[in-house]
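**Student:** Pasting the sequence and the predicted model now:
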Amino acid sequence: MNNKSLGYSLLIFTVFGVSPLFGEPPADVLEKLHLPAPGINPLVLFIQSSETNEGSRSSEWIASSGSRLTARGRDPWGDDNGAFGPASAATAGAALASSANSPLLTGDKGALVVCFQVAQIPENSAMILSRGAWGDSSLFDLRAEKGQGVVLYSGAKDPKPQTLQLGRYIPGAWMFLGLTWKKQADGIVLETVLGQLTKDEAPQSNSFVITQAGELSAPVLLAGRTNPDLNPALLEGGLLCCVAIYEEELSPESLESLFQLMAAAAKP
């Protein structure tokens, strides 16, 4: 696949010249996250912490409720404190203020990128990112499930939401997940790219038509939230980095290009 010229340069200065800051993803990865296609910038971009939103909604979409994601861990580029996750005693993820108006399968188009690591196969499921709670009228739940891989739950809770299996994950490995969608007459066309960053193999790509997206107005939660009735758990012991939400669709080629950049620089 041909990479499109971004026409954009993100320079990160150190006292020694122009180079990536120690411990951050490489400059070309940061450039692609900030501008994955011409004219498209993220609303939300959490690279190494859920405390600092580097996207265009930096003053609004901040982690202001729920539980701070204060656990730290090794990111895909070898920084021992470059990734973040829920503390061991947490019962909820970090809710982003003002994100109830996010385009997660409720707007006409949008995209999402997240890198995640599941510590071990969960007893039932581990929440990666969600919007709203199971008791709400509609859902956007991204989970790593036992025996099912990465699963997206979308739409009305009753009688049941639409369930999409996006592909497999490897416990303990850093995974890349990119979603892009566009609303059409027969539903929302969803394209997905899922791959292991530290293994030299092509990512898994899928295309779906979502007919149960709902119109939920609820905040986005990083690392999800627990629900004793259904046993979904937080991303317990797991980690996140490079979480980006866009209000424009991205091509599957743009998502795969970002995956290839990240995978080329990742360390086993």
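**Tutor:** Arrived safely, thanks for sending.
**Student:** Quick one: the strands in the stretch 51-200 of the chain, in order.
**Tutor:** Assigned by DSSP state E, counting those that start in this stretch, the strands in the stretch 51-200 of the chain fall at 63-66, 71-73, 83-85, 92-96, 109-117, 125-131, 138-145, 149-156, 162-167, 174-184, 187-196.
**Student:** so which of those strands comes closest to Leu30?
**Tutor:** Between Leu30 and the strands of the stretch 51-200 of the chain, the tightest spacing by CB to CB is seen for strand 109-117, at 12.5 Å. All C-beta atoms are positioned from the backbone trio N, CA, C, and that covers glycine.
**Student:** Run me through the strand neighbours of that closest one, direction for each.
**Tutor:** strand 174-184 (antiparallel), strand 239-246 (antiparallel) (DSSP bridges).
**Student:** Which positions in the longest one come out as buried?
**Tutor:** In other words, strand 174-184. Neighbour-count burial for strand 174-184 flags 174-181, 183 (criterion: 16 or more other CB atoms under 10 Å).
**Student:** same check, this time on stretch 261-268
**Tutor:** The neighbour-count check on stretch 261-268 (16+ other CB under 10 Å) flags 261-263, 265-266 as buried.
**Student:** What is the nearest of those residues to Glu54?
**Tutor:** Met262 (16.6 Å).
**Student:** what's the neighbour count on Trp61?
**Tutor:** 23 (other CB atoms under 10 Å).
**Student:** Could you tell me the end-to-end distance of stretch 57-76?
**Tutor:** Using CA to CA, to the nearest Å, the end-to-end distance of stretch 57-76 comes to 26 Å.
**Student:** if we can go back for a sec, make a markdown table out of the strands paired with strand 109-117 and add distance to Val209 and mean pLDDT.
**Tutor:** A markdown table is the format used below for these (distance: least, CB to CB, whole Å; pLDDT from 0 to 100):
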| stretch | distance to Val209 | mean pLDDT |
| --- | --- | --- |
| strand 174-184 | 8 | 94 |
| strand 239-246 | 21 | 94 |
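**Student:** All set, thanks.
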